[in-house]
Every structure is written in structure tokens, then in C-alpha cells.
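**Q** The sequence and its predicted three-dimensional model are supplied below.
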Protein chains: 2
Amino acid sequence: MQKTIYDIAKAAGVSIATVSRVYNKAETVKPSTRKKVLQVADKLGYQPHVYAQGLASKQKNRIMMLVPVMSNYFLTEILRGTQDCLDNNKIELTIVNINSDEQPLPQVENIIKKSWAEGYILVSLHMSEAELESLKRYKTPISLVDDKSDHFDSVSFNNEEGAFKATNYLIKKGFKRIAFLSGKADSTPVEQRLRGYRKALSANKIAFDAELIITGDSMERDGFTEKSGYEAMKKILKLKHEAEAVFCTSDIKAIGAQKAMRESGIVLPIISFDNLSISDYIGLSTVSQPMYSMGFDATKNLLHRINHQNDEPTHKTHEPELVIRDSSEPVISKKEAI
Amino acid sequence: MQKTIYDIAKAAGVSIATVSRVYNKAETVKPSTRKKVLQVADKLGYQPHVYAQGLASKQKNRIMMLVPVMSNYFLTEILRGTQDCLDNNKIELTIVNINSDEQPLPQVENIIKKSWAEGYILVSLHMSEAELESLKRYKTPISLVDDKSDHFDSVSFNNEEGAFKATNYLIKKGFKRIAFLSGKADSTPVEQRLRGYRKALSANKIAFDAELIITGDSMERDGFTEKSGYEAMKKILKLKHEAEAVFCTSDIKAIGAQKAMRESGIVLPIISFDNLSISDYIGLSTVSQPMYSMGFDATKNLLHRINHQNDEPTHKTHEPELVIRDSSEPVISKKEAI
DNA sequence: CTGAAAGCGCTTACAG
DNA sequence: CTGAAAGCGCTTACAG
């Protein structure tokens, strides 16, 4: 049913080798026969079979992005960076979803072992160093985004510094009891952000109070959901020793938290993390991650790695920028604004 | 470097045919030799090479989802449905991004011609009937979501009815001058929603006023962005003959519109379209689309189609549900709430 | 500039 | 239950 290279060769009156060359090293075939072949191919709706090509050439001209797609707000931006980087290169991109309810390692291994692609971009997978090291045995190019490891090229974000800046900002505003609206406690970004939060407290000689570290009950997507933020905020509002402000580990959670605040009529200053495109529109103060650049850089890394397997891994850390909007400013000004 | 079936066969002391059988028809090989093979394979980190498998068997056990990933809020839900439907089946899923700045047809054709998968799910691609018909020549299973066509199985949404319900609700509340916050005018969903809006007007004997049909200037993603909603709302607020309420073609746009309203201090009742998960948290009244079910059904269709190429195409239309929250309720109650 | 032929890593009748 | 062999649709030295 599908046309093969034989059909085209026959119809064009050439050998299959020539047809193949038209697609691979066009310059080595006489313009007139190339034209003829292309014409026939177009008429018959022919396109080389990727599986056969990949098998015969051992080249795939394809990279794969492994990503917990549920983190889609993030993904969109990363993806834009990746695609812009891939532009002009004749490399194609395929996305595979990593189920975040299961261990990432076996899923990643299954994909890599099948030799789908020339290389793999792992987005926000946060595996342990030991797990990542175990991937080295496949000797396949791997590039990490939003994650850091000694074993592979990585493009990460300074979560600790971001949390520090946000917390420090609130402290400088005069707040001392700052709640830390957390996610799944052992998630890498949450750990790093907690560290930054604590650093800001110490830097300002404020005692750490474990009661202020609060998590929602929903743990879907590591607790990075509106629902989880809502639940956590409800708890924060019930604290006996009241919190004065909130540092929240993600914009999406902050949206949930804001609903809880509205319901209770108590609006605490809040700064969150990510700077999704909606955040600007709902006036959320937040720590901005340059997701586009991270996607771009990680892709550049991978392309380089594919051609230079033995270079030392490179590591780039993007620095946070604090974006102040309404949500972190004292309630007074909010009321006045109305 | 990568282990092949020959390595495993040799190490396990069997033929390559036996190794192959272990992976394909496990029940036909003696348990003890199967165990042996699996053991060796695991030790050597072997996994059949997908390209070779696909080529030899002409089966791919793989479907592909072609989607403008920029529509990511939508995608996440669709994807959940797809994955739940695929569960247990040993069919894998790959996602490919369709660049929404270019024509979808050539992109889709390129992918299909390469025979990547057993079948394809086309999400929100909105091609013309003629374009879709041209895809039939590839004789490959195709299933549409959020789109409708006579030529393929489709799972669509009753956009017209959704817009009708929303508009009618506002009219029943007593509003007569209702702005239609539009997207790219020739986008299929926009056209359908406009039709529903107009139907609601006629049903209530309200004259249609073209001045109330307003679009933002940003046309990225067919105008389905916060920015475009913001711009459009600014225009609505400047109308000489003022609008009393707004029907908005998407939640994301409504978020932009709400910012514009806050800035101007005029808050008009607004109902939008989609019911994203955030919408609940920001109190957006909206028309709910059952994206999960749509993803599930479209996948079921595709799996069926793969095994029954010649059945008549089936079409299912999901009906809208109006979800009323704060944003559509009179401004008074909003002020009281503070 | 072009063709004949070996090979990529599998699957699958066929034969036993 | 297992093996030898042909074939899937390509690419790529090699030879001319």
C-alpha cells in the first residue's frame, strides 16, 4: 500500500541507490535525474520509511524530549526554546510523556534502550545522582533541563537563590512570620526552595519555625496543583500563631492559595515561583524562571553532545529574577485600589 | 555498542528466532528457556530495537498524537484521557508538536508519510474538509478530537450550543448589550461560538450589533492568549455605546480581560469558555468542555479503527455544561464580598 | 554521476 | 518447542 523506494526507482527508471541519494546527498546526483525522482516521488506520495532509514543509516536525525507533561505550563515555554534552537537543523523532535505517578528511571530506560533517537532531553525529572549515573551505561547523549547532575550536561535554575530573594523581600517589608507553602517535601525543587527560605531567615536573624512549613493534602503532581495550594493556605490561615506573609513554591499553588484567602477574607502578602504567563495578568508577585532560555540551552547542549560524546559535561545555572506585582504588597493598598 | 538480538542469542545459547519469540509470543517458548533469555537480556541491558521491529513486523504498536502544543492547557486533559484509554493495551503514545504558525496539512502529511505509527490522533487542528479528505489517500487510521469531519472518526464539542447557553444566561440576567470577546475570526471554534451567540440574541429578540464583536490585536495562537483578551477588553471598555456584559471565547482570554477590567475599575459580568482547572480557583463562570472524555473517546475510536479500517466513521459530539461562578454575577455582590 | 550488493536488527512462515 | 532462512525498506562503501 505504502510506496517503497523500489516503486520510485522503477517509476523513475533509476536504481534504488539513486533514489536514496536524492534524499541524502542530493548534490551528488545529476540535477535532471534528481528532479525526475522528486517528481515521481511527489506524484506517488512517497517519503522514505523512517524505520528503515534509521535502521540502515544508524542515524535518526531525531531527538526526544522526556517530560512529565502534566507540568505543561512549564513545558510550553521550554518547548518554544527547543524548537527555536532546532530550527534549520534538520533534526526532528518527539515528545514522550513520563508518568509522574511512577518512578521515572525505568520509564526513561525503556525509551533509551529502544534507540528511538540520537539523544534525549530530560525535563524536570529530578532523579538521584545514582539513578542518573546508571543511565551512562547506555552511552547515549542526554541533556538535562531544570535539573542538575555531574554526569550529564545540565541547565538548571537557582531555586535556592530564588527562594532566598523572595523571602528576603518579604522580610525587608517588615514581615517576620512567613509561611512556606510547600509541595511534596522530598521533591528536589521543594527542597532547594526551602533551603533558600531558611537562608533568608538566618540572614535576617529570624528563627526558623517548623510550624510555618505547610503542605496541602493533595499530592498529585508532587503537590504542584491549585488544589494543594488551596488546602495548604486553609491550614496557614488556621495557625494559632498567625503568619504574616507567604512564600509559595509555585504560581499554580498560589492561585489556589489566593482563593482560600479570598474565602476567609484575610489577604496575606504572597510571593510565588515560576512566572507563568498568567501570573502577570492576575498580579502575582513571583520568582521568574527563564524557561525559554533553559529549553534553548539544553537543546544546544544536546546537539553538541551528539557530535562530541567525550567532552566534559557542562553545567549552566540560570539566576532568578524577582518580579513584584500586587500580590506581595500590603493589603491596605489593595483595598485602596478598589 | 548497543546489544543486538545476536548478542543475546549467543549468550543464552539459543537462536535469534527464540529470542524474538520471547518478546513476541512468550507463551510458545519453554518457560525455562524464556527465563534464561530474559535473564541474559536484562544483564546485557537489551531491548529490541524499535526501528528494526517496526520494519520487520510492519507493526508499530504505537499511535501518535499531533497537536499544537501551545494549546497546552487543553492538551493536558486530553492526554489524561488518552493515557487512561491506552492503559493495559501495549500501545505506546508519542506526541508531536504541530507548529501553529504554519499550515497544518503539510506538517501532518510529512508525519503520516513516514509511517511512524499505526494511527494518528489529530487534536484541534481544524483543517478544511478538502484538506482532511486529501489525507484519506494515505489509508492510515486517523481520529479527530475537538474537530469534526465526515471523513474520519471525530469527537467534537458543541461550541455553538455552549456559546448559546452562556449568552442566553447573561440575557436572562437582564443584560442586553453583550460583547463577544472574539479570537481569530476565521478560526473554527470562534466561528461556531459566534453562531451560538447570535442564536441566543435572536432567540431573545435582541438585535445583533457588529460593534460588540471585538478582537484583540495579538493573533499568536489564534488570539487565544491572555494578552489578546486584555487588548480586546480595553476596546470593549471604550465603546461609546457601552457593553453591559461579556461572553468571552476562552478562559485564558478572560483572565486577560479581567485584568483590563480591574485596571479600569469597571467590572462587567463575564462568562468564558473551556473550564480549565484554574478557572474554578479564580471564580470564572464558563462553559465546561469534557476534555478528558474527549481524549478518551478519540483514543478508543482510533484503536477500533486500526482493527476495522473499513467501518463507517463515527461522530460524537459532547454537550456543554454551563458552570456559574463569581465572574458572571452582578458587580454588587462582588463589592459586598470584600 | 550511477548501479549491484551487503548489511542494519528484527519477525515469521516453514520445517522439524 | 526451536532453528535456518527470507524479507522488511532503507543506506553506503565499492566499483565503474
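**A** It's in.

**Q** so where does the closest residue in space to A:Arg195 that isn't next to it in sequence fall, helix or strand?
**A** If the residues on either side of it in the chain are set aside, A:Arg195 comes closest to A:Glu160, at 5.0 Å by Cβ to Cβ, 6 or more residues apart in numbering or on different chains. (Glycine included, C-beta is placed from N, CA and C.) Element membership for A:Glu160 (DSSP states H and E) is helix A:159-172.

**Q** Could you look up the SS state of the nearest residue to A:Ala254 once chain neighbours are set aside?
**A** Excluding the flanking residues, the one nearest A:Ala254 by Cβ to Cβ, 6+ apart is A:Ser272, at 3.7 Å. Assigned by DSSP: H, G, I helix; E, B strand; the rest coil, the conformation of A:Ser272 is strand.

**Q** For the residue nearest to the spatial centre of chain A, which residues are in contact?
**A** Nearest residue to the geometric centre of chain A (Cα atoms, centre = their mean): A:Val123, 4.5 Å. Contacts for A:Val123 (Cβ atoms under 8 Å, 6 or more residues apart in numbering or on different chains) come out as A:Met65, A:Leu66, A:Val67, A:Pro68, A:Ser71, A:Phe74, A:Leu75, A:Ile78, A:Val145, A:Asp146, A:Asp147, A:Ala298.

**Q** And for A:Pro141?
**A** A:Glu118, A:Gly119, A:Tyr120, A:Leu302, A:Arg305, A:Ile306, A:Gln309.

**Q** Same question for A:Ala9.
**A** Applying Cβ under 8 Å, 6+ apart, we find A:Ala9 in contact with A:Ser15, A:Ile16, A:Thr18, A:Val19.

**Q** looking at this, A:Ser228 is in a helix?
**A** Yes. Assigned with three-state DSSP, A:Ser228 falls within a helix.

**Q** State the distance from it to B:Leu79.
**A** 20 Å (Cβ to Cβ, to the nearest Å).

**Q** Then A:Lys227?
**A** 19 Å.

**Q** Likewise for A:Lys30?
**A** 48 Å.

**Q** Among the two, which residue is more densely surrounded?
**A** B:Leu79 (24 against 9; other Cβ atoms under 10 Å in any protein chain shown).

**Q** what does the stretch 51-200 of chain A have sitting close to chain B?
**A** Counting by Cβ under 8 Å from any Cβ of the partner chain, the positions of the stretch 51-200 of chain A adjacent to chain B are A:51-52, A:54-55, A:60, A:69-70, A:72-73, A:75-76, A:79, A:83, A:93-97, A:99, A:110, A:113-116, A:137-139.

**Q** For the closest residue to DNA strand D within the stretch 151-300 of chain A, grab the count of nearby residues.
**A** Residue of the stretch 151-300 of chain A nearest DNA strand D, by Cβ to the nearest atom of the strand: A:Thr299 (23.3 Å). Using other Cβ under 10 Å, A:Thr299 has 28 other residues around it.

**Q** same deal with A:Arg195?
**A** So A:Arg195, with other Cβ under 10 Å, has 15 neighbours.

**Q** what does the helix or strand it falls within rub up against?
**A** Using DSSP H and E, A:Arg195 sits within helix A:188-203. For helix A:188-203, contacts defined as Cβ under 8 Å, 6+ apart pick out A:126, A:146-147, A:159-168, A:171, A:178, A:180, A:182-185, A:207-208, A:213, A:222-223, A:247, A:249, A:273.

**Q** let's see 7 Å
**A** A:126, A:159-164, A:167-168, A:171, A:180, A:182-184, A:208, A:247, A:249, A:273 (Cβ atoms under 7 Å, 6 or more residues apart in numbering or on different chains).

**Q** PyMOL command for the buried members of those?
**A** A single PyMOL command selects the buried members of the contacts of helix A:188-203 (16 or more other Cβ atoms under 10 Å in any protein chain shown):
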select buried, chain A and resi 126+159+160+161+162+163+164+167+168+171+180+182+183+184+247+249+273
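
**Q** quick one: the closest residue to chain B within the stretch 51-200 of chain A from DNA strand D, how far?
**A** Scanning the stretch 51-200 of chain A for the residue nearest chain B gives A:Lys113, at 3.4 Å (criterion: Cβ to the nearest Cβ). Distance, A:Lys113 to DNA strand D, by Cβ to the nearest atom of the strand, to the nearest Å: 19 Å.

**Q** Next up, the contacts around that residue.
**A** So A:Lys113 contacts A:Tyr138, B:Gly45, B:Gln47 (Cβ under 7 Å, 6+ apart).

**Q** Dump the helix holding A:Glu160 to CSV, restricted to CA.
**A** Taking Å, rounded to 0.1, in the frame of the first residue of the first chain, the C-alpha atoms of helix A:159-172 are listed here in CSV:
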residue,chain,number,x,y,z
ASN,A,159,16.0,27.6,43.1
GLU,A,160,17.7,28.3,46.4
GLU,A,161,18.6,31.9,45.4
GLY,A,162,15.1,32.4,44.0
ALA,A,163,13.5,31.4,47.3
PHE,A,164,16.1,33.5,49.2
LYS,A,165,15.2,36.6,47.2
ALA,A,166,11.5,36.2,47.6
THR,A,167,11.7,35.5,51.3
ASN,A,168,14.2,38.2,51.9
TYR,A,169,11.9,40.7,50.1
LEU,A,170,9.1,39.9,52.4
ILE,A,171,11.3,40.2,55.4
LYS,A,172,12.6,43.6,54.3
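
**Q** following that helix, which helix or strand comes up?
**A** Counting by DSSP H and E, what follows helix A:159-172 is strand A:178-182.

**Q** Which strands or helices does that following strand pack on?
**A** Where contact means 3 or more Cβ pairs under 7 Å, 6 or more residues apart in numbering or on different chains; DSSP states H and E, strand A:178-182 is packed against helix A:188-203, strand A:213-215, helix A:226-237, strand A:245-248.

**Q** Could you list the paired strands of it along with their orientation?
**A** Paired strands of strand A:178-182, with direction, are strand A:213-215 (parallel), strand A:245-248 (parallel) (DSSP bridges).

**Q** So for A:Phe115, what's the nearest residue that isn't a sequence neighbour?
**A** Residue A:115: Ser, not Phe. B:His49 (5.4 Å).

**Q** no wait, A:His126
**A** Per Cβ to Cβ, 6+ apart, closest to A:His126 is A:Thr188, 4.1 Å.

**Q** okay, the one you found: pLDDT?
**A** The score at A:Thr188 is 88. That number is its pLDDT.

**Q** got it, and the one 5 residues further on?
**A** Note on A:Arg193: pLDDT of 97.

**Q** any idea what sits nearest it, other than its immediate chain neighbours?
**A** Closest to A:Arg193 by Cβ to Cβ, 6+ apart is A:Ala163, at 3.9 Å.

**Q** again, but for A:Ser57
**A** A:Asn24 (7.9 Å).

**Q** rewinding a little: could you check the angle the helix holding A:Arg195 makes with strand A:178-182?
**A** Relative orientation of helix A:188-203 and strand A:178-182, computed by axes from the mean of the first three to the mean of the last three Cα atoms, to 10 degrees: 170 degrees.
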